[in-house]
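Q: coords please:
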Amino acid sequence: MQIILRKDYETLGKIGDVIAVKPGYARNFLIPGGIAYSATKANLARLEHDKKTLELQDLKERRRAGDLHAKLHDLRLLMPVQTGEEDRMFGAVTSADIAEAIKERGVEIDRRKIQLAEPIKNLGEFDVPVKLHREVVAILKVDVVKES
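A: Numbers count the residues shown, from 1 in each chain. Here you go, the predicted model:
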């Protein structure tokens, strides 16, 4: 089934791309979720008309991401954690913890944009990528230290 993407979707493509997917995937997930619409003749004609609007929307999102990148670039987070014997951590630092620490600094970030492969389970300094836009990725410095 041919569909037109209404939003960027990492595994499928960018806004406005016409792609082929399985009919069940389109009917049950992509179309009801507002991620895509079917590629009929009328929708393809509408796509040409909407491309300018989509480009402006993408430009605005990229500018917002650039502003956030500037704020996060100079930000260094200090994450105090409880430790036991031999400086072993109790628990781990997750993307939700990092998002909360960023929020305390006055910057609102969705935890899903924080690209943490696995929770941080060691003390030390870590570079954590934050995907703000498909073209803008900020690197956040996170220092995990012992709680005093």
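
Q: Identify the residues contacting the closest residue to Lys22 other than its chain neighbours.
A: Using Cβ to Cβ, 6 or more residues apart in numbering and skipping the chain neighbours, the partner closest in space to Lys22 is Met1 (7.0 Å). All C-beta atoms are positioned from the backbone trio N, CA, C, and that covers glycine. With contacts defined as Cβ atoms under 8 Å, 6 or more residues apart in numbering, Met1 is in contact with 20-23, 26-27, 38.

Q: go with 10 Å
A: Contacts for Met1 (Cβ atoms under 10 Å, 6 or more residues apart in numbering) come out as 19-27, 30-31, 36, 38-39.

Q: Where do the strands of the chain begin and end?
A: According to DSSP state E, the chain carries its strands in the segments 2-5, 18-20, 36-38, 76-81, 124-133, 136-146.

Q: For the contacts of Met1, which single residue is the most surrounded?
A: Of all the contacts of Met1, Ala36 has the most neighbours under the rule other Cβ atoms under 10 Å, reaching 27 neighbours.

Q: and it, what does it touch?
A: Applying Cβ under 10 Å, 6+ apart, the residues contacting Ala36 are 1-7, 9, 12-13, 17-19, 21, 25-26, 29-30, 43.

Q: Glu125 now?
A: 76, 141-145.

Q: Chain neighbours aside, what residue packs nearest to Glu147?
A: Pro80 (4.1 Å).

Q: And for Val107?
A: Per Cβ to Cβ, 6+ apart, closest to Val107 is Lys71, 5.4 Å.

Q: can you count the residues close to that neighbour?
A: Lys71: 14 neighbours (other Cβ under 10 Å).

Q: for Ile120, same thing?
A: So Ile120, with other Cβ under 10 Å, has 21 neighbours.

Q: which residues does it contact?
A: Taking Cβ under 10 Å, 6+ apart as the test, what Ile120 contacts is 79, 81, 89, 92-95, 97-98, 126, 128, 142, 144.

Q: which of the contacts of Met1 lies closest to Asp58?
A: Ala36 (16.4 Å; Cβ to Cβ).

Q: Would you map out the domains in the protein?
A: Using automatic domain parsing, the domains assigned to the chain come out as 2-62, 70-146.
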